[in-house]
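Chemist: Show me the folded form of this:
(one chain, ligands or ions: 1)
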Amino acid sequence: MSALPREVVLEDVPCPCGSDAGDRLVFVGRDRLHDLPGEFAVVQCLACELVRTNPRPTRETIGYYYPSSYRLHQAPAAPPVAPKPKRFGAARRIASKAIDFRTKPLPTTEPGHYYEVGCGNGGFLRVMQEKGWSVEGLEPGETGAEAARAQGLDVVCAQLESAPPPNQTPDLVAAWMVLEHLHDPLSGLERLRDWTRPGAYLAASVPNIDSLEFGAFQGAWYALQLPTHLFFYTPKTIGDLLHRAGWELERVFHHRNVTNLVTSVGYALEDHDLAPQLAHRLITYPSRATWQLLATYPIATVLAALGQTGRITVWARRR
Ligand SMILES: [Zn+2]
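Modeler: Numbers count the residues shown, from 1 in each chain. Coordinates of the predicted model:
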């Protein structure tokens, strides 16, 4: 049992669906990303099936679990320069046409105003800018927001639940791996609804706890990332939450990517004190390594077709 650090305060919060039906305990886990102390219960609402970390660190004290090494808060080492020619360039181009690794699929619409919640250092804002969109972002981490602004991007440093409205009305709102981190995702999604026009798109990616990955690995599932992940969605529960906030779920994409799975095998080996060197290599497995993505692509494609990979992107329209 690993005691909770003194600077962390826990709060017990009901499910955002408002039911008093109670919860069932799913499992108890810990921080595996940074190995920080504390144990956290993950529970499921008996009424709406939404899974959440409860009790959870308060908004004021959860920063303890986002140490400065947290990947998305880091600024790029140097200003962006033209990419170096990559090895196997032609093979890569052919593969990228035939193979769908996308983790940020977007609805095909005419460029308009793009607003990204949790934009980090602005990498994807720049991608959208190059596609002809005007862009604007929100980033709670100061380092990331600062790095984005240093590139001339319009980025506000704030939490979604207390952020000022965007300068322009967005046609497309994106939240890549954000909704699982929010203390109040319902009010966050309601704010995004209030800032958009009917018919506007929302694209959001989240881990999918209703997957074979979670079923197989449980507490060793990489995407748990306790206690920074406060909610664990399924296609059904994210659809319900979106509906409650004024959005209609339109599509669910199961990512053809089993990066989580590789890392989870590492955690599982670690849990059983097996092959420590291999476990370490799997846990630190670089998620952008092309050959691993290619090698695992057939299994990822089958699992995605069955709706069983650990990450989804949803598209919703504002009502
Ligand atoms: Zn509920």
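
Chemist: For the stretch 1-150 of the chain, which residues are neighbours of the ion?
Modeler: 15, 17, 19, 45, 47-48, 50 (Cβ under 5 Å from the ion). No exception for glycine: its C-beta is placed from N, CA and C like everyone else's.

Chemist: so of these, which ones are in strands?
Modeler: Using DSSP state E, the members of these that fall in strands are residue 45.

Chemist: Pick the one among the residues of the stretch 1-150 of the chain next to the ion closest to residue 131.
Modeler: Here the nearest of those to residue 131, counting by Cβ to Cβ, is residue 50; it sits at 34.0 Å.

Chemist: residues near the closest residue to that closest one other than its chain neighbours, how many?
Modeler: Once flanking residues are discounted, residue 50 sits nearest to residue 237: 4.5 Å by Cβ to Cβ, 6 or more residues apart in numbering. By the other Cβ atoms under 10 Å criterion, the neighbourhood of residue 237 contains 24 residues.

Chemist: how much space between residue 316 and the ion?
Modeler: 19 Å (Cβ to the ion, to the nearest Å).

Chemist: Go ahead and confirm that residue touches residue 242.
Modeler: Yes - the pair residue 316 / residue 242 is scored as a contact, 4.8 Å apart, by Cβ atoms under 8 Å.

Chemist: what sits in contact with each of those two?
Modeler: With contacts defined as Cβ atoms under 8 Å, 6 or more residues apart in numbering, the residues shared by residue 316 and residue 242 are 202, 248-249.

Chemist: Can you flag the buried ones in those?
Modeler: 202, 249 (16 or more other Cβ atoms under 10 Å).

Chemist: can you tell me how far the closest residue to residue 206 other than its chain neighbours sits from residue 241?
Modeler: Using Cβ to Cβ, 6+ apart and skipping residues adjacent in sequence, the residue nearest residue 206 is residue 233, 4.8 Å away. Using Cβ to Cβ, to the nearest Å, residue 233 is found at 7 Å from residue 241.

Chemist: And these two? Which one has more around it.
Modeler: residue 233 (25 against 22).

Chemist: separation between the more buried one and the ion?
Modeler: Plainly put, residue 233 is 12 Å away from the ion if you go by Cβ to the ion.

Chemist: can you tell me which residues contact that residue?
Modeler: 50-51, 179-180, 206-209, 241, 312.

Chemist: Go again with 10 Å.
Modeler: 50-52, 179-180, 185, 204, 206-210, 239-242, 312, 314 (Cβ atoms under 10 Å, 6 or more residues apart in numbering).

Chemist: picking that back up, for the residues of the stretch 1-150 of the chain next to the ion, work out which two are farthest apart.
Modeler: 19 and 50 (9.8 Å).

Chemist: Strands of the protein, start to end?
Modeler: Under DSSP E, the chain gives strands at 10-11, 23-29, 40-45, 51-53, 56-57, 113-117, 134-138, 155-156, 172-176, 201-207, 231-232, 247-254, 311-318.

Chemist: Select, out of those, the one closest to residue 278.
Modeler: The nearest among the strands of the chain, by Cβ to Cβ, is strand 23-29 at 22.3 Å.

Chemist: Pull up the pairing partners for that closest one, direction included.
Modeler: strand 40-45 (antiparallel) (DSSP bridges).

Chemist: and of the shared contacts of residue 316 and residue 242, the nearest to the ion?
Modeler: Nearest to the ion among the shared contacts of residue 316 and residue 242 is residue 249, at 17.0 Å by Cβ to the ion.

Chemist: pretty sure that closest one contacts residue 234?
Modeler: No - under the criterion of Cβ atoms under 10 Å, residue 249 is not in contact with residue 234, lying 11.7 Å apart.

Chemist: what residues are shared contacts of the two?
Modeler: The contact lists of residue 249 and residue 234 share residue 240, where a contact means Cβ under 10 Å, 6+ apart.

Chemist: for residue 28, which residues make a bridge with it?
Modeler: Here residue 28 sits in beta bridges with residue 41, as judged by DSSP bridges.

Chemist: could the strands of the chain be laid out in a markdown table, adding mean pLDDT?
Modeler: Shown next, in a markdown table, are those (pLDDT from 0 to 100):
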| stretch | mean pLDDT |
| --- | --- |
| strand 10-11 | 98 |
| strand 23-29 | 96 |
| strand 40-45 | 98 |
| strand 51-53 | 98 |
| strand 56-57 | 98 |
| strand 113-117 | 98 |
| strand 134-138 | 98 |
| strand 155-156 | 98 |
| strand 172-176 | 97 |
| strand 201-207 | 97 |
| strand 231-232 | 98 |
| strand 247-254 | 96 |
| strand 311-318 | 96 |
